[in-house]
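Colleague: With the input below, show me the fold.
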Amino acid sequence: MTRPGWYPDPFGESKLRWWDGEAWTEALNPQPTRPSRFATARRPAGPGLAADVRGLRLYLDDQVVAYGSSSLAWAHVEWTAYWKTALPTQWIFRVGRHPFQAGPRVEVALDPSGEYDAQGLWTQLVETCREHAESRLIAEIAARVRTGEAVEVTQGLVLHPGGLRGGRTSLSWPMVADAVIEQGRVLIRPAGGGTALLHVPQQSPNAMIIPALIATLRNDF
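Modeller: Alright, predicted model coming up:
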């Protein structure tokens, strides 16, 4: 769903809601008698998930994720990030568009003190994101690198046809073994074993797709 237009309201407040090409707006057709508020919308009758989180409405389906007044179509997601914190315990989920820190985004912080299944909601957010955003991102970035482009996957890490570079470290593809997620970081390990040569914090935009990208591109080059 990329073109602006009237579509079935995912928040269940009206028959139709206006999609501006990037996000759901407050425009409804027909306009309900009560004020339109995403936070108080009832659960949609169709497929999808909706929950009240910290007084705001969280909704996701196979086309869009929305929280409060922020929404983003999966087709427009350009970076993802999700992780669990220890103290206090929280499950964080973020998706957005470039630039990584300044562009439009949807951000949800879930904690066990709320009247909802925090870990269950987070798991469904992550699984839906992987299916409808990350699989596309991995394919798109790999295709760009194959055609000769250098792509900044996350801040400070660039993948290119010759290999990858981050900070002052540059590695050719034969020098890279793989990437793994350990203790809140994505570790890029060298061929032949040894200490990881590069690491990216798990909460960095697109950190979680690095292992799949490296596995794909190592086979190509």
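Colleague: dump the residue contacts of Leu125.
Modeller: By CB atoms under 8 Å, 6 or more residues apart in numbering, the contact set of Leu125 is 60, 65, 82, 93, 108. For glycine as for every other residue, the C-beta is placed from the backbone atoms N, C-alpha and C.
Colleague: Nearest to Leu137 among the residues you listed?
Modeller: Tyr82 (13.7 Å; CB to CB).
Colleague: Downstream of the helix or strand hosting Ala51, the next helix or strand is which one?
Modeller: Here Ala51 sits within strand 49-53, counting by DSSP states H and E. Next in sequence after strand 49-53, counting helices and strands by DSSP H and E, comes strand 56-60.
Colleague: so what secondary structure elements neighbour that next one?
Modeller: Identification of packing neighbours for strand 56-60 by 3 or more CB pairs under 8 Å, 6 or more residues apart in numbering; DSSP states H and E yields strand 49-53, strand 64-67, helix 118-129.
Colleague: Would you mind pulling up the elements that the strand holding Ala51 packs against?
Modeller: strand 56-60, helix 118-129.
Colleague: Just send the ones you listed back as a markdown table, with distance to Arg185 too.
Modeller: Formatted as a markdown table, the helices and strands packed on strand 49-53 follow (distance: least, CB to CB, whole Å):
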| stretch | distance to Arg185 |
| --- | --- |
| strand 56-60 | 27 |
| helix 118-129 | 18 |
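Colleague: Just send these back as a markdown table, with mean pLDDT and distance to Gly5 too.
Modeller: As requested, the helices and strands packed on strand 49-53 are exported to a markdown table (pLDDT from 0 to 100; distance: least, CB to CB, whole Å):
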| stretch | mean pLDDT | distance to Gly5 |
| --- | --- | --- |
| strand 56-60 | 92 | 19 |
| helix 118-129 | 94 | 23 |
